[in-house]
Every structure is written in C-alpha cells, then in structure tokens.
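> the following block contains a protein sequence and its predicted model.
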Amino acid sequence: LRRYVADNAQRNVETIDLVRAIEAATGRNMRAFFDQWIERGGHPDIRVSFRWDEAQKIATLILEQQQTIDAANPPYRFDLDVGFVAALPASPTRDAGDGPLAGERRARLRVKRKYESFAIPLDAEPKLVRIDPGAYVLGAFTYAFDADVNAAILTAEPSVVARVRAAKALGKDGARAARETLAGALATDPFWGVAAEVAIVLGELRSSAGRDALLANRSHPHPKVRRAIAEALGNYHDADVAAALLGMSGDESYFVVAAALEALGKTRDPRAFDALCAALGGASWNETIEAGAARGLAELADERAFPVLHEALGMHRGEGLRRAAATAVARLGVLVDAVRT
C-alpha cells in the first residue's frame, strides 16, 4: 500500500495501478488473481461431499463447482485447506485462529476443475472434517455430508463459518439426531452469531421439534439470539407460541420486542390485535417497538388494522414508525382483499 500511494500520489488511478504496485512490492504476478476475483462477476458455489474407505484407510473429498460454467465463465482456480482431526474436541475452541487442532492432519488441495476428487490416506477415520478452516475462499460452500459429520462440525469445529454451514446442512436432514444437534447448539454454542443462525434453521424446519427447541431457549442470555428466536417463532402458528411471543414483548431489548411483535402478528392469534395496537401507542427509541407492532399488524391479515396503520402514517408520528406503517399498509393490501380494493 505504501508503494501504491507513493507511485500514484496526486494522479488518477485505475485497478491496474494497484496490481502493478502489488507486483512491484512482492515480486508476484497478480494478473490471474485480479482477473478471477476482481474483474469477473460472481463467485464459486461449491458442493463438498466426503466418504471414508475403512478397508483402504482413505478419505475422499469431492468438490463440485455448481455455478454457471461456460466459455465466458471457466471454473474457479484456488487452493483449499482441509483438515482431518483424529479425536473430536469436547466443544468449539474460542479464538483458535486458523491453525491446526491437536491431532489434526492438514492438506492443501489445488482446485481447478468443475469436478474434483481428492483421496487422502489417513491412519484412521477422522472424527472431525475441516473445510477451509480460515474461511479464506471467497465462495459459497454447501456441505453434502452425512448427519454425523455435520453434527461433529457443529459441536466441535472452531470455525464459526463452518459451524453455520453445518447447521444449514442439518436443517435439510429429516433425522431426529440432526434436530437434537441443532437444539443443543442453540443452547450451548459459545458464539451468539452461530446460535442465531441455528434459530433461523429451526424456524425453517416448521416441525414440533424445532418449535420446542425455540420455545425452550427464548430466554437465551444474548439479545441477538433472542431476537432470532422471536423471528423464527413466527413460522409457528399455535397458542403456545403466541403466548411465548406475548411474554417476549417485555424483553429489555427493543429489537427483541419488535421481532416478537411482528412474529405475533404472523401467528394470527386472537390476542394479537389488542396487544399490537397497545404497543403501537408506546414510545421507544427511533420507534423501534412501534415499527415492529406495525409490521405485526400487517401480518395479522385483519382489516381492522387498516385504520390503525393509517393513523400511524400521520405527520405527528415518528419517522421510523411512518416508514414501517407505509410498508405495513402495502403488505396488508396483499393479504386482505377488502383493504386492497
């Protein structure tokens, strides 16, 4: 960067000037890198699968680039670090960096074709498979692993990105063990960001197990997780969920309350209309809670909400609420024919 600034002071620059500065400072040819990652649109979309051959003691990783590949968009070329851990850690190691874990065998793979298969000899079946531990590859990964491989990643992998990918993969698995692993991660993952993503996955399950896990953790100590739980509960429409969301409307976090009120509207519970109207008349920072109530009234799909939202559009109300109310009126028009006409 010092070279780039010194060479280009007081003049206009183009991308090639940055490329030349990097090449001059490092002695490395960066043209192919910039062509692939800067000048070209898109990113690699990689499906990863794994299998173990006990007889030959060989781990096979299969990588398939699933984005559009044609003459104008050749396969991406990149190095991918993978790791195989002999013993499963008891829990994710916080702030572990991208280095190997105890007992981990590392390999660097060179990916350059649409479909790649790599065979890595090991002493025994790995208990934890690590894909791009440092999250350096600028692409989207889909884990096409067995449920036990994904479960091991979610419960023991230090990489936050890898745990989120494993949670999404487990969400597509209908097995009971997958649901139990997700429920456990929601309660115990050491990083709130992973727990919040797990809550989203549990909401998308739309199953009794997902609902029960969300309800059991609605008092999670981190407010951003409680917010994600409230949003996820909007996918479940029964009286117990509505009662839980009504309880969450007393949360100390304005954003949790707003999410709970919006989700409450989605339940279409008989108690929701009065509760949302009451919340709409409050006073919170930037009308955060009132805006959530407005969105909840729209999701309630009740034409009685229209005059309430119309009043919320008045100039005497705060800007945050007016913005939410305008969107809510449009949403109500989609859901209720009488309002639209």
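Noted; the coordinates are in hand.
> mind checking the SS state of residue 119?
With DSSP: H, G, I helix; E, B strand; the rest coil as the basis, residue 119 sits in strand.
> centre of the chain to stretch 252-260, how far?
In this view, stretch 252-260 has its centroid 20 Å away from the chain centroid, taken as C-alpha atoms, centre = their mean, to the nearest Å.
> now do stretch 30-43
With C-alpha atoms, centre = their mean as the basis, stretch 30-43 stands 25 Å off its chain's centre.
> list the contacts for residue 311?
By C-beta atoms under 8 Å, 6 or more residues apart in numbering, residue 311 lies in contact with residue 317. For every residue, glycine as well, the C-beta is placed using N, CA and C.
> element containing it?
helix 305-312 (DSSP states H and E).
> flag the shaky bits of this structure, pLDDT-wise.
Scanning the chain for pLDDT under 70 picks out the ranges 340-341.
> again, only this time at 80
Along the chain, segments meeting pLDDT under 80 span 94-97, 174, 338-341.
> from residue 108, how far out is residue 171?
Separation of residue 171 from residue 108 (C-beta to C-beta, to the nearest Å): 30 Å.
> neighbour count for these two, which is higher?
Neighbours were counted for residue 171 and for residue 108 using other C-beta atoms under 10 Å; residue 171 has more, 21 against 8.
> so that one makes contact with residue 204?
Yes: under the criterion of C-beta atoms under 8 Å, residue 171 makes contact with residue 204 at 6.0 Å.
> so what's residue 90 closest to, chain neighbours aside?
Computed as C-beta to C-beta, 6 or more residues apart in numbering, the closest residue to residue 90 that is not its neighbour in sequence is residue 156, at 7.4 Å.
> meant to ask about residue 320
Nearest non-adjacent residue to residue 320, counting by C-beta to C-beta, 6+ apart: residue 287, 3.6 Å away.
> in which helix or strand would I find the residue most central in space within the chain?
Nearest to the geometric centre of the chain sits residue 197, at 4.9 Å (C-alpha atoms, centre = their mean). Secondary-structure assignment from DSSP H and E places residue 197 in helix 192-205.
> got the buried residues for that helix?
192-203, 205 (16 or more other C-beta atoms under 10 Å).
> cool, stretch 238-253 as well?
Across stretch 238-253, burial judged by 16+ other C-beta under 10 Å covers 241-242, 244-246, 248-249, 251, 253.
> how much space separates residue 304 from residue 310?
Using C-beta to C-beta, we find residue 304 at a distance of 12 Å from residue 310.
> how far does stretch 2-17 stretch from start to finish?
13 Å (C-alpha to C-alpha, to the nearest Å).
> outside of it, which residues touch it?
18, 20-22, 24-25, 34, 38-39.
> how far out from the middle of the chain is the longest helix that the chain contains?
Across the chain, the longest stretch assigned as helix under DSSP state H is helix 319-335. A distance of 26 Å separates the centroid of the chain from that of helix 319-335, by C-alpha atoms, centre = their mean.
> all helices of the stretch 151-300 of the chain, in order?
Applying DSSP state H, counting those that start in this stretch to the stretch 151-300 of the chain gives helices spanning 160-171, 176-188, 192-205, 208-216, 223-233, 239-248, 254-267, 272-280, 288-299.
> what's the most buried one of those helices?
helix 288-299 (a mean of 28; mean count of other C-beta atoms under 10 Å).
> angle of it against helix 319-335?
If you take axes from the mean of the first three to the mean of the last three C-alpha atoms, to 10 degrees, helix 288-299 sits at 10 degrees to helix 319-335.
> which elements pack onto helix 288-299?
Packing partners of helix 288-299 (3 or more C-beta pairs under 8 Å, 6 or more residues apart in numbering; DSSP states H and E): helix 254-267, helix 272-280, helix 305-312, helix 319-335.
> skipping adjacent residues, who's closest to residue 315 in space?
Using C-beta to C-beta, 6+ apart and skipping the chain neighbours, the partner closest in space to residue 315 is residue 322 (7.9 Å).
> typed the wrong thing, it's residue 158
In space, residue 158 is closest to residue 96, 3.7 Å off (C-beta to C-beta, 6+ apart).
> and if you look at residue 192?
Residue 192 sits nearest to residue 222 (C-beta to C-beta, 6+ apart), 4.1 Å away.
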